[in-house]
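J.: Provided below for reference: sequence and predicted model.
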Amino acid sequence: MKRSSSVEADAASPATQMHARIVTAIRQIPRGKVSSYGAVARAAGYPGYARQVGQVMKRYAGLPWHRVLGAGGEIKVPPDDAIEQRMRLHAEGVAFRGRRVNMPLHEFKFPKVRSRLR
DNA sequence: ACTGTGACACTGG
DNA sequence: ACCAGTGCCACAG
């Protein structure tokens, strides 16, 4: 098997794997529950990669992006999308207390918090 | 290769 | 509760 062949090195690229793991984590958040960028990053095995979670969500379509909030349950998306996010969450029964949602009440707990990856 | 940017998080005033 | 400063990291130009 070719180890450093350019083609498959692509598929196994660290970055690609990270994206995949982040996407998977986001998909785990059930309807009516929410999580945070940081929590998703940790669940995916990449603590400290909160910003990358945002990047991935922007690139991948079909993700429940509205269930991901900033630390403390704050909305971190631009004003336009923020409106839709609130609307979607409200439709799922997630209520806002002013600018943020009641995290202790709505936060989804990831089952398998994997240890650090690389 | 270097610099700026951002859908983040945390601390301190 | 609000805002500024700092650390964080991949990506784009």
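T.: Thanks, I have the structure now. Residues are numbered from 1 along each chain as shown, chains lettered A, B, ... in the order given.

J.: Output the below-cut-off pLDDT ranges for chain A.
T.: Scanning chain A for pLDDT under 70 picks out A:1-11.

J.: interface residues of it facing DNA strand B?
T.: For chain A, the residues in contact with DNA strand B (C-beta under 7 Å from any atom of the strand) are A:36-39, A:50-55, A:57-58, A:65, A:68, A:70-71, A:76-78, A:81. C-betas here are computed from N, CA, C, even on glycine.

J.: Filter those residues down to just the buried residues.
T.: Among the residues of chain A next to DNA strand B, those classed as buried by neighbour count (16 or more other C-beta atoms under 10 Å) are A:S36, A:Y37, A:G38, A:A39, A:A50, A:Q52, A:V53, A:G54, A:M57, A:W65, A:V68, A:V77.

J.: Which members of the residues you listed are the farthest-apart pair?
T.: A:A39 and A:V77 (16.6 Å; C-beta to C-beta).

J.: Would you map the helices across chain A?
T.: A:6-11, A:14-28, A:37-44, A:50-59, A:79-91, A:103-106 (DSSP state H).

J.: buried stuff in the shortest one?
T.: It refers to helix A:103-106. In helix A:103-106, counting by 16+ other C-beta under 10 Å, buried: A:M103, A:H106.

J.: same question, the fifth one
T.: Neighbour counts using 16+ other C-beta under 10 Å place A:Q85, A:R86, A:L89 of helix A:79-91 among the buried residues.

J.: Take these and write them to JSON lines, including distance to DNA strand C.
T.: Shown next, in JSON lines, are these (distance: C-beta to the nearest atom of the strand, whole Å):
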{"residue": "A:Q85", "distance to DNA strand C": "18"}
{"residue": "A:R86", "distance to DNA strand C": "17"}
{"residue": "A:L89", "distance to DNA strand C": "19"}
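
J.: Brilliant, that's me finished.
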